[in-house]
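Colleague: Below is the sequence, then the predicted model.
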Amino acid sequence: MALNGPQALKSLDNAIADIRQEETRLAKLLARSTESTAKLNETKAGLIRQLATIRLEEDARLELSDQLFGAQNKAHKVLEKHDINLKNSEKQLKTLDIKIAQNVSLRRNLLEEIDKAQLELKSLSKKIATEISANPQYAKIQEETLKLQEVAKQAQAKTELAQADQQEKGQPYRNDPLFIYLWERKFGTKDYKSSNLFRWLDNKVARLINYSDARANYAMLNEIPLRLSEHANYQNELLKASQDKLITLEQKAIDSAGGKPFRQTITKAQSKLNDIDNKLLGLEDERNEKANAYRLLAQGREPAFEEATQMLAQSLNRQDIQELMRMAQLTSNNEDDIIVKKIDDIKSRILDEIPISKQYKQRLKTLHIRRRELEDIEWEFKKSRFDDPRSSFKKNELAGSLLAEFLSGAISAAVYWNQWQNSHSWQSGASDWGGSIGLPRSNRVARGSNKPWSFPSSSRSGNSFSRPRYSASRSRPTRSRPSRSGSKGSRKSGGFKTGGGF
């Protein structure tokens with residue numbers, strides 16, 4: 001059974017929510033393990049003080065007891081504060097989870113509004129087609145747009161070819177340390193500045209490697225992609241201007257056919273979708289920072305906590321304490337034998353916690369990576385308009401077994417995203433107006449993209465993600481990967497097509 005766009009997006013939303021819930025659960029377990037170790041050391045310190053009372057003379061006993069009591073008391077106070085910090089951190093995560101869930105729910109409601117409006121437009125498709133056909137300008141502009149689309153496509157292809165050529169042919173130059181040395185010093189240009197001695201030495205190096213010819217060739221290799229890129233950008237601007245003319249004519253045809261209220265509904269809903277997506281970006285990244293902070297607390301990585309627990313651990317490993325334990329183990333005394341057994345039991349319990357904590361830490365690290373990758377995939381999913389109700393996926397296992405394989409690490413994020421792309425299609429009869437209006441699909445022209453494409457389509461590369469990264473301490477997003485979105489966290493203006501660029 002195929003998935004439609006909203007159903008597929010819901011599966012991703014649910015998977016991300018499940019990961020967040022599991023991260024919180026494991027972090028709580030890790031925190032308990034960390035606190036358990038700290039409390040066991042506290043108990044161990046108290047038992048050693050009891051043993052000192054039995055075994056040591058008063059002066060030695062008081063010195064050891066005071067030192068241990070100080071470390072034990074400090075650890076206890078820090079542990080209490082640490083517990084409060086953990087609870088506050090967990091509360092912050094729950095608050096953010098609620099906000100995210102609320103925005104996800106609002107988004108789903110908007111998708112339902114869009115679906116209804118698209119169905120209404122579909123019922124008007126014949127009337128819209130009649131209006132379009134009656135306008136001679138439309139056919140002319142459409143033909144011009146298709147030509148510009150092909151020119152822009154070729155210009156982009158030439159640019160990419162030149163960039164690849166520059167990378168390949170320019171590598172020998174970049175690998176030559178003498179050439180790069182002179183190049184970076186701008187030798188042979190008006191910007192070159194140096195003392196007489198270094199100028200003389202640089203000239204000798206230049207003659208040795210025939211720098212003059214090499215520099216000209218390398219400069220040309222760098223210049224060609226730049227010029228072609230400028231040309232491609234110009235062609236895309238022409239294409240967009242022509243597309244905008246089509247959009248205007250299509251809007252008029254839709255409105256004349258009685259579709260204006262449905263078009264406006266989609267316009268408003270799309271605007272709200274983009275606002276929600278931007279808000280979700282910030283909330284997700286804020287939550288990520290809070291989750292990282294919570295994980296560090298759970299590991300006992302808070303400076304005050306680390307200092308106190310390390311101080312107590314060092315106190316417990318003092319040479320005089322080791323000697324006290326050795327004496328107690330060598331002699332038979334019922335009272336101190338009981339204490340020694342309790343201390344040995346505590347040591348065993350502390351050792352048991354080590355592999356448990358390690359397992360929690362490793363699992364949390366893996367879940368963190370998977371969650372961020374799923375957020376990347378979901379962003380590409382939305383940007384590609386795969387959440388459109390008319391969007392369809394033939395592989396139902398994308399939300400089942402393939403998702404499980406990705407979460408287990410059996411397949412990478414890039415492979416999983418490629419599976420979504422390769423499984424995607426548009427429902428029969430889907431068009432920019434919400435329904436077929438009699439125009440050949442091959443003649444449709446896409447809007448709102450840096451690269452020309454045939455309606456409706458998306459990049460099939462799947463090897464890079466463009467989700468912006470926000471920091472709670474910054475007003476602008478930071479990016480771990482280059483963005484294709486071209487705007488502050490919003491999708492291209494090609495969300496749900498109605499012929500008006502929506």
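Modeller: Everything's here; your move.
Colleague: which residues of this protein fall in strands?
Modeller: For the chain, the strands defined by DSSP state E cover 3-4, 391-393, 424-426, 469-470, 477-478.
Colleague: so where's the stretch 251-400 of the chain uncertain?
Modeller: Counting by pLDDT under 70, the low-confidence segments of the stretch 251-400 of the chain come to 332.
Colleague: can you give me the helices in it?
Modeller: Secondary structure of the stretch 251-400 of the chain (DSSP state H, counting those that start in this stretch): helices located at 260-298, 303-316, 319-330, 334-383.
Colleague: Ok, which of those comes nearest Gln235?
Modeller: Judged by C-beta to C-beta, the one of the helices of the stretch 251-400 of the chain that comes nearest to Gln235 is helix 334-383, at 22.7 Å. C-betas here are computed from N, CA, C, even on glycine.
Colleague: so how far is the closest one from its chain's centroid?
Modeller: In this view, helix 334-383 has its centroid 24 Å away from the chain centroid, taken as C-alpha atoms, centre = their mean, to the nearest Å.
Colleague: what helices or strands is it leaning on?
Modeller: Counting contacts by 3 or more C-beta pairs under 8 Å, 6 or more residues apart in numbering; DSSP states H and E, helix 334-383 is packed against helix 5-55, helix 260-298, helix 319-330, helix 401-408, helix 413-423.
Colleague: Tyr173 is nearest to which of the strands of the chain?
Modeller: Ranking the strands of the chain by proximity to Tyr173 (C-beta to C-beta) places strand 477-478 first, at 31.9 Å.
Colleague: surely Ala313 meets Glu42?
Modeller: No - at 10.9 Å, Ala313 does not count as touching Glu42 under the criterion of C-beta atoms under 8 Å.
Colleague: Could I get the buried residue list for stretch 415-428?
Modeller: For stretch 415-428, a neighbour-count test (16 or more other C-beta atoms under 10 Å) marks 416-421, 423-424, 426 as buried.
Colleague: Mind exporting the C-alpha coordinates of stretch 392-401 to PDB?
Modeller: Extracted in PDB, the C-alpha atoms of stretch 392-401 (Å, rounded to 0.1, in the frame of the first residue of the first chain):
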ATOM      1  CA  SER A 392       2.900   9.500  -3.300                       C
ATOM      2  CA  PHE A 393       5.400   6.800  -2.300                       C
ATOM      3  CA  LYS A 394       5.200   3.300  -3.700                       C
ATOM      4  CA  LYS A 395       7.400   1.700  -0.900                       C
ATOM      5  CA  ASN A 396       5.300   1.400   2.300                       C
ATOM      6  CA  GLU A 397       8.400   0.000   4.000                       C
ATOM      7  CA  LEU A 398      10.000   3.400   3.900                       C
ATOM      8  CA  ALA A 399       8.000   4.100   7.100                       C
ATOM      9  CA  GLY A 400       8.700   0.500   8.400                       C
ATOM     10  CA  SER A 401      11.600  -1.800   7.700                       C
END
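Colleague: Give me the residues contacting that stretch.
Modeller: 1-5, 7-8, 11-12, 386, 402, 419-420, 423-427 (C-beta atoms under 8 Å, 6 or more residues apart in numbering).
Colleague: Kindly recompute the last result at 7 Å.
Modeller: 1-4, 8, 11, 419-420, 423-427 (C-beta atoms under 7 Å, 6 or more residues apart in numbering).
Colleague: Likewise for stretch 308-319?
Modeller: By C-beta under 7 Å, 6+ apart, the surrounding residues in contact with stretch 308-319 are 38, 41, 44-45, 48, 67-68, 71-72, 74-75, 78, 300.
Colleague: now with 8 Å?
Modeller: With contacts defined as C-beta under 8 Å, 6+ apart, stretch 308-319 is touched by 37-38, 41-42, 44-45, 48, 64, 67-68, 71-72, 74-75, 77-79, 300, 321.
Colleague: filter those residues to the buried ones?
Modeller: 37-38, 41-42, 44-45, 48, 64, 67-68, 71-72, 74-75, 78-79, 300, 321.
Colleague: Which residue ranges make up each domain of this structure?
Modeller: Following automatic domain parsing, one finds the domains of the chain at 3-124+259-386+391-426+458-478, 138-241.
Colleague: ranking those domains by burial, who's on top?
Modeller: domain 3-124+259-386+391-426+458-478 (a mean of 17; mean count of other C-beta atoms under 10 Å).
Colleague: tell me the angle of the top helix by length along the chain relative to helix 334-383?
Modeller: The helix spanning the most residues in the chain, taking DSSP state H as the definition, is helix 58-123. Counting by axes from the mean of the first three to the mean of the last three C-alpha atoms, to 10 degrees, helix 58-123 points 20 degrees away from the direction of helix 334-383.
Colleague: before we move on, back to that, between the helices of the stretch 251-400 of the chain, which gets nearest to Glu131?
Modeller: helix 260-298 (12.2 Å).
Colleague: How far off centre is that closest one?
Modeller: 13 Å.
Colleague: one step back: switch the helices of the stretch 251-400 of the chain over to JSON lines; also include distance to Ser242.
Modeller: Below are those laid out as JSON lines (distance: least, C-beta to C-beta, whole Å):
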{"stretch": "helix 260-298", "distance to Ser242": "21"}
{"stretch": "helix 303-316", "distance to Ser242": "60"}
{"stretch": "helix 319-330", "distance to Ser242": "84"}
{"stretch": "helix 334-383", "distance to Ser242": "23"}
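Colleague: So which of those is nearest Gln142?
Modeller: With C-beta to C-beta as the criterion, Gln142 lies closest to helix 260-298 of the helices of the stretch 251-400 of the chain, at 19.3 Å.
Colleague: Direction-wise, compare that closest one with helix 5-55 and give the angle.
Modeller: Using the same axes, to 10 degrees: helix 260-298 against helix 5-55 is 20 degrees.
Colleague: can you state the direction angle for helix 260-298 and helix 303-316?
Modeller: Counting by the same axes, to 10 degrees, helix 260-298 points 20 degrees away from the direction of helix 303-316.
Colleague: Show me where this protein dips below the pLDDT cut-off.
Modeller: Across the chain, residues meeting the criterion (pLDDT under 70) sit at 1, 55-57, 59, 61, 332, 428-464, 470-502.
Colleague: Which of the helices of the stretch 251-400 of the chain sits closest to Ser391?
Modeller: In terms of C-beta to C-beta, the element of the helices of the stretch 251-400 of the chain nearest to Ser391 is helix 334-383, at 9.4 Å.
Colleague: now the closest one and helix 413-423, what's the angle there?
Modeller: Taking the same axes, to 10 degrees, one finds helix 334-383 and helix 413-423 inclined to each other by 40 degrees.
Colleague: hmm, back to that, turn the domains of the chain into a markdown table, including distance to Glu250.
Modeller: Shown next, in a markdown table, are the domains of the chain (distance: least, C-beta to C-beta, whole Å):
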| stretch | distance to Glu250 |
| --- | --- |
| domain 3-124+259-386+391-426+458-478 | 9 |
| domain 138-241 | 8 |
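Colleague: Against Gln72, how distant is Asn41?
Modeller: For Asn41, the distance to Gln72 (C-beta to C-beta, to the nearest Å) stands at 8 Å.
Colleague: got it, and Thr34?
Modeller: Thr34 is 17 Å from Gln72, where distance means C-beta to C-beta.
Colleague: returning to that earlier point: quick one: which of the strands of the chain is nearest Lys347?
Modeller: strand 469-470 (44.3 Å).
Colleague: Excluding chain neighbours, give the residue nearest to Val205 in space.
Modeller: Leu178 (5.6 Å; C-beta to C-beta, 6 or more residues apart in numbering).
Colleague: which ones are touching that neighbour?
Modeller: Taking C-beta under 8 Å, 6+ apart as the test, what Leu178 contacts is 205, 208-209.
Colleague: And it, how far from Arg207?
Modeller: According to C-beta to C-beta, Leu178 and Arg207 sit 11 Å apart.
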